[in-house]
Structures are given as C-alpha cells and as structure tokens.
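**Student:** Got a sequence here, can you build the structure:
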Amino acid sequence: MQRFTEKWSGTLNAIYETNDYNGIDRDDDLYGISPAIRFKPRKWFFLDLGYQYFKNDSNINLYSYEEHQVFFRASLSM
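**Tutor:** Okay, the predicted model is just below:
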C-alpha cells in the first residue's frame with residue numbers, strides 16, 4: 001500500500017499460483033495483478049476503485065482463460 005495523502009492511497013497486488021491435479025494430466029499456472037485506489041473520507045468509511053486481471057494458463061486448452069474486472073467497493077469499518 002502507498003499512502004498519497006491522509007485520505008488517498010493505492011495498492012498493487014500480484015499473484016502467481018501453480019496447480020497440479022493428482023491423477024489427471026493437468027497443470028495450471030495462474031497469474032494475476034490488481035491495482036486499486038482508495039479514498040477514505042472518514043475513519044470508518046472508504047471507497048475503492050480498481051482493476052483485476054487474471055490469466056490461467058493450462059496444458060488443457062478448455063481450462064485456459066483470461067479475466068478482466070473493474071470494481072467499485074464501498075466499505076464501513078468499526
């Protein structure tokens with residue numbers, strides 16, 4: 001997380017995961033990245049706007065995919 005000001009911050013998350021399936025000739029490599037920006041107008045309330053990208057690279061083409069998501073989240077915390 002990187003704080004820009006008292007109310008604005010940003011995050012960058014990344015993932016790499018490898019999955020081997022026992023008894024099946026299938027191997028998957030999952031890659032992902034997710035940048036987001038957060039606005040916190042109150043100590044107990046924040047808003048997130050972000051993007052997520054995932055790619056599953058499988059040796060079986062049926063299970064290979066790419067996923068793009070844009071999200072907006074409002075959260076309350078006590």
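**Student:** Do you know the pLDDT at the residue positioned nearest the centre of the chain?
**Tutor:** Closest residue to the average C-alpha location of the chain: residue 34 at 3.9 Å, with CA atoms, centre = their mean. The model reports residue 34 with a pLDDT of 97.
**Student:** Check the offset of the host helix or strand of it from the chain's centre.
**Tutor:** Assigning secondary structure by DSSP states H and E places residue 34 in strand 27-42. On the basis of CA atoms, centre = their mean, to the nearest Å, strand 27-42 sits 3 Å off its chain's mean C-alpha point.
**Student:** Just list the residues touching the residue nearest to the centre of the chain, thanks.
**Tutor:** 11-14, 50-53 (CB atoms under 8 Å, 6 or more residues apart in numbering). Where C-beta positions appear, they are placed from N, C-alpha and C, glycine not excepted.
**Student:** Tell me the bridge partners for it.
**Tutor:** For residue 34, the beta-bridge partners are residue 13 (DSSP bridges).
**Student:** Could you do residue 30 as well?
**Tutor:** residue 17, residue 56.
**Student:** go on, residue 72?
**Tutor:** residue 49.
**Student:** per-residue pLDDT, it?
**Tutor:** For residue 72, the model assigns a pLDDT of 98.
**Student:** Return a PyMOL selection command for the buried portion of the contacts of residue 34.
**Tutor:** Per 16 or more other CB atoms under 10 Å, the buried members of the contacts of residue 34 correspond to this PyMOL selection:
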select buried, resi 50+52
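**Student:** Grab the two from the contacts of residue 34 that are most spread out in space.
**Tutor:** 11 and 53 (14.5 Å; CB to CB).
**Student:** any idea how far residue 57 is from residue 66?
**Tutor:** From residue 66 over to residue 57 the distance is 9 Å, taken as CB to CB, to the nearest Å.
**Student:** Which one's more surrounded, those two?
**Tutor:** Using other CB atoms under 10 Å, the more surrounded residue of residue 66 and residue 57 is residue 57, with 14 against 10.
**Student:** which ones are touching the more buried one?
**Tutor:** By CB under 8 Å, 6+ apart, the contact set of residue 57 is 28-31, 64.
**Student:** Just send the contacts of residue 34 back as TSV, with pLDDT and distance to residue 38 too.
**Tutor:** Listed next are those as TSV, based on pLDDT from 0 to 100; distance: CB to CB, whole Å:
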residue	pLDDT	distance to residue 38
11	96	7
12	97	12
13	97	13
14	98	18
50	98	9
51	98	13
52	98	15
53	98	19
